[in-house]
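Engineer: okay, predicted coordinates and the sequence, questions at the end:
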Amino acid sequence: MKEQLTGAQALIRALEHENVEVMFGLPGGCILPAYDPLLESSIRHILVRHEQGAGHMAEGYAHVTGRPGVAMVTSGPAATNLVTPLCDAYMDSIPMVGITGQVPTAAIGTDAFQECDTVGITRTITKHNELVMSAKDIPMVVRQAFHIATTGRPGPTLIDIPKDVLQNSMDWYWPSDDEVLDSLPGYRPNVKGHTKMIKEAARLILAARQPILYVGGGVLKARAADALRELAELTQIPVVTTLMARGAFPDSHPLCLGMPGMHGTATAVTAMQKSDLLIALGSRFDDRVTGKVSGFAPDAKIIHVDIDPAEQGKVRRPDVPIVGDCRLVIEEMIKALKELLQSGEQQADVGPWRSRVSGWREQFPLAYDQSEAGAALKPQFCLEKLRDGAPDGTIVVSGVGQHQMWTSQYWNFEEPYTWVNSGGLGTMGFAVPAAIGAKVGRPDKTVWAVDGDGCFQMTAQELVTASLEKIPVKIAILNNSYLGMVRQWQEMFYGERYSEVNLSGTLPDFVKWAEAMGCVGIRVDDPQEAEAAIDKANSINDRPVVVDFRVAEDEKVFPMVPAGQSNDEILLHHSQQARREFLR
Ligand SMILES: Cc1ncc(C[n+]2csc(CCOP(=O)(O)OP(=O)(O)O)c2C)c(N)n1
């Protein structure tokens, strides 16, 4: 006789079989049956204050562990609250499994209380989703959801389960790997990469005089950082790491040029523009990197390695497309290069290119000025102090806006999986919950979130969750009293006509708010106070800490490539004259 379980018991057991150690969620009507067996489960459940928080926590957890994050919520408004994190995870290829309750099967389509078409709403923002119509299907649906979320190009999946399906009985079973594969005949991500194409790529690499390794988030997803380093050191090709790839290659490495794109370093942007070969590894030619596509790296041939065939030629036609897992492809590429070199072929001399690039780096470093006596606290200064005070291996999480760009620019990323941010969707409110998820995934590490005052006000209430669950994250608010990034655009492109961007310098009182949520609150108004405040924050490990840095209102992020323009139009901190000389 097979063991009889309810659908709800089968769901929780299936999650245990998938080795889920923690899930983030909030119960309600339709998902209620699933919360009952959770009481006996080994899975830790973290009760959030808002379902968006659950989704971003699951993402933060997945970012730093590489394991799928799980969020479970009820139907209707709870499911729609999960939409933003699902879309965020989809854009940034984060493995995540969402579980939503649904109204009973007989009520579907009747506009029942808290009914919404969750699979319809999430169809284009999940890699796969399914409405489960029978309790007996639950184990297989769960296995498929985890398999699809974590293989090929990772992404979010969603399981929508009507209340009666959770209540009905089923005979427990656990499908084998073969049964799972057989149930998904159309899903076989190609992981290996085509040998002939890899060899062709190796030839192009040896011939290039001005090559650049253009590294994207796919390198981190494929756990390919070691392979990348070997490839870069073997070929001595400079590396740029996109916003999603910071940490995939150490910033301190002599070959590292930092971040390309709209707010990238002048060196990274220009090196790509002038390159004769871009070796794109797990990067997707995002518009924030390419600027105006027709003016992007005009003389470069393209090798494009990506596990998702849909990325090939989506923005820029590759000369050598390679569909495959970055780690496996890079390892094969290294072998192919070594074979060619052993057979007597020679690599073109990239020495002059490297010297030219190094010259730019020295001439045009990132710059800001905190020296003037009595000058307002600069956000970049705060970041340098935070960076210098952080223990090795600290994970840094950011919201979206100026503070995100400054963090990416001024932090030194030395290890993979130490940088968590919302790159593709650009979701304000991401930082606080994602930092909580990251700390749950890596309790051994210090986790700092760098947030804007606008972003913080979107999801700060999750610090109540963090206090109650004893998750000691640290939040640095770079509080410029403005929706700073929007203010910057209004200043630069709308003739300083500021419209609906002032958030007020007096309300709320972030220190009192932090304290009301069970955190330690600290305010920093002056550059002299920064270091001591950061030391204090770093010494507190039994509860969350919020440091409110009251920074200059009008500081802008530079360099900047104005939206829609060619990367050649990069605006440095310096004058246009300096820019022209630099580009010569
Ligand atoms: C949910 C959401 N709404 C609106 C935006 C548009 N947006 C991008 S940056 C930004 C300002 C962010 O302000 P703040 O959090 O204070 O950060 P700052 O830019 O000042 O560092 C806005 C409104 C967004 N990215 N996400």
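Structural biologist: Received the coordinates, thanks. Keep in mind the model is a prediction, meaning the values are calculated, not measured.

Engineer: quick one: residues contacting the residue lying closest to Leu257 once chain neighbours are set aside.
Structural biologist: Distances taken as Cβ to Cβ, 6 or more residues apart in numbering place Ala268 nearest to Leu257, at 4.3 Å, with adjacent residues excluded. C-beta here means a position set from N, CA and C on the backbone, and glycine is covered the same way. Counting by Cβ atoms under 8 Å, 6 or more residues apart in numbering, Ala268 makes contact with 240, 257-261.

Engineer: so Ala268 sits in a strand?
Structural biologist: No - according to DSSP: H, G, I helix; E, B strand; the rest coil, the state of Ala268 is helix, so it is not within a strand.

Engineer: ok, which residues in the protein are in contact with the ligand?
Structural biologist: 399-403, 426-428, 452-455, 478, 480, 482-486 (Cβ under 6 Å from any ligand atom).

Engineer: what ranges in the stretch 451-584 of the chain fall below the confidence cut-off?
Structural biologist: Applying pLDDT under 70 to the stretch 451-584 of the chain flags residues 574-584.

Engineer: if we go to 90?
Structural biologist: Residue ranges of the stretch 451-584 of the chain with pLDDT under 90: 505, 572-584.

Engineer: same check, this time on the chain
Structural biologist: Low-confidence segments of the chain (pLDDT under 90): 1, 190-191, 363-364, 369-375, 505, 572-584.

Engineer: nearest the geometric middle of it, what residue?
Structural biologist: Asn421 (4.2 Å; Cα atoms, centre = their mean).

Engineer: which two in the contacts of Ala268 are spaced the farthest apart?
Structural biologist: Greatest spatial distance among the contacts of Ala268 (Cβ to Cβ): Leu257 and Gly261, at 11.9 Å.

Engineer: more neighbours: which of those two?
Structural biologist: Comparing Leu257 with Gly261 by other Cβ atoms under 10 Å, the one with more neighbours is Leu257, at 27 against 24.

Engineer: OK, contacts around the more buried one?
Structural biologist: By Cβ under 8 Å, 6+ apart, Leu257 lies in contact with 212, 238-240, 265, 267-268, 271, 357, 361.

Engineer: in helices, which of those fall?
Structural biologist: 267-268, 271, 357, 361 (DSSP state H).

Engineer: just the buried ones out of the residues you listed, please.
Structural biologist: 267-268, 271, 357, 361 (16 or more other Cβ atoms under 10 Å).

Engineer: is Ile99 part of a helix or strand, or is it coil?
Structural biologist: The three-state label given to Ile99 by three-state DSSP is strand.

Engineer: and it, how many residues sit next to it?
Structural biologist: Using other Cβ under 10 Å, the number of residues around Ile99 comes to 25.

Engineer: out of everything not next to it in sequence, what's closest to it?
Structural biologist: Closest to Ile99 by Cβ to Cβ, 6+ apart is Met72, at 4.2 Å.

Engineer: give me the distance from stretch 491-510 to the chain's centre.
Structural biologist: In this view, stretch 491-510 has its centroid 27 Å away from the chain centroid, taken as Cα atoms, centre = their mean, to the nearest Å.

Engineer: pull out the buried positions in that stretch.
Structural biologist: Under the neighbour-count criterion of 16+ other Cβ under 10 Å, stretch 491-510 has 501, 503, 510 buried.

Engineer: same thing with stretch 173-193?
Structural biologist: So stretch 173-193, judged by 16+ other Cβ under 10 Å, has buried residues 175, 180, 191, 193.

Engineer: closest one of the residues you listed to the ligand?
Structural biologist: When the buried residues of stretch 173-193 are compared for distance to the ligand (Cβ to the nearest ligand atom), Val191 wins out at 33.7 Å.

Engineer: residues in contact with that closest one?
Structural biologist: Applying Cβ under 8 Å, 6+ apart to Val191 gives the contacts 152, 307, 324-325, 328.

Engineer: let's go with 6 Å and repeat that
Structural biologist: 324-325, 328 (Cβ atoms under 6 Å, 6 or more residues apart in numbering).

Engineer: that older thread, would you confirm that the residue nearest to Ile99 contacts Gly25?
Structural biologist: Yes - at 3.8 Å, Met72 counts as touching Gly25 under the criterion of Cβ atoms under 6 Å.

Engineer: tell me the spacing between Ala135 and Ala112.
Structural biologist: Separation of Ala135 from Ala112 (Cβ to Cβ, to the nearest Å) stands at 20 Å.

Engineer: the two: which is more packed in?
Structural biologist: Applying other Cβ under 10 Å to Ala135 and Ala112 shows that Ala135 carries more neighbours, namely 24 against 16.

Engineer: what's the longest helix in this structure?
Structural biologist: Assigned via DSSP H, the chain shows its longest helix as helix 326-342.

Engineer: show me which residues of that one are buried.
Structural biologist: Residues of helix 326-342 classed as buried under the neighbour-count rule (16+ other Cβ under 10 Å) are 326-334, 336-337, 340.

Engineer: residue boundaries of the helices in the stretch 101-250 of the chain?
Structural biologist: 118-122, 138-150, 163-167, 177-183, 195-207, 217-221, 225-235 (DSSP state H, counting those that start in this stretch).

Engineer: tell me which of those sits most buried.
Structural biologist: Of all the helices of the stretch 101-250 of the chain, helix 217-221 has the most neighbours on average by mean count of other Cβ atoms under 10 Å, namely a mean of 27.

Engineer: only C-alpha atoms, please: export that helix in CSV.
Structural biologist: This file holds the C-alpha atoms of helix 217-221, laid out as CSV (Å, rounded to 0.1, in the frame of the first residue of the first chain):
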residue,chain,number,x,y,z
GLY,A,217,26.5,37.4,-15.3
GLY,A,218,26.4,34.0,-17.2
VAL,A,219,30.0,33.4,-16.0
LEU,A,220,28.8,33.6,-12.4
LYS,A,221,25.8,31.4,-13.1
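
Engineer: how far out from the middle of the chain is that helix?
Structural biologist: 10 Å.

Engineer: also stretch 215-223?
Structural biologist: Stretch 215-223 sits 11 Å away from the centroid of its parent chain (Cα atoms, centre = their mean).

Engineer: and that stretch, how far apart are its ends?
Structural biologist: Length of stretch 215-223, first residue to last, Cα to Cα, to the nearest Å: 13 Å.

Engineer: just the residues contacting that stretch, thanks.
Structural biologist: Under Cβ under 6 Å, 6+ apart, the answer for stretch 215-223 is 93, 154, 228, 239, 241-242, 244-245, 248, 281-283, 325-327, 416.

Engineer: which residues touch Pro508?
Structural biologist: Contact analysis of Pro508 by Cβ under 6 Å, 6+ apart lists nothing.

Engineer: please repeat the previous calculation with a cut-off of 8 Å.
Structural biologist: By Cβ under 8 Å, 6+ apart, Pro508 lies in contact with Gln457.

Engineer: the residue nearest to Asn168 when sequence neighbours are not counted and the ligand, how far apart?
Structural biologist: Leaving aside its sequence neighbours, Asn168 sits nearest to Ala135 (Cβ to Cβ, 6+ apart; 4.1 Å). According to Cβ to the nearest ligand atom, to the nearest Å, Ala135 and the ligand sit 37 Å apart.

Engineer: wait, Ala135 touches Val165, no?
Structural biologist: Yes - under the criterion of Cβ atoms under 8 Å, Ala135 makes contact with Val165 at 5.3 Å.

Engineer: list residues touching both of the two?
Structural biologist: Going by Cβ under 8 Å, 6+ apart, residues that sit against Ala135 and also against Val165 are Gly7.

Engineer: what about Thr241, neighbour count?
Structural biologist: Thr241 has 31 neighbours, counted by other Cβ under 10 Å.

Engineer: fine, thanks again, bye for now.
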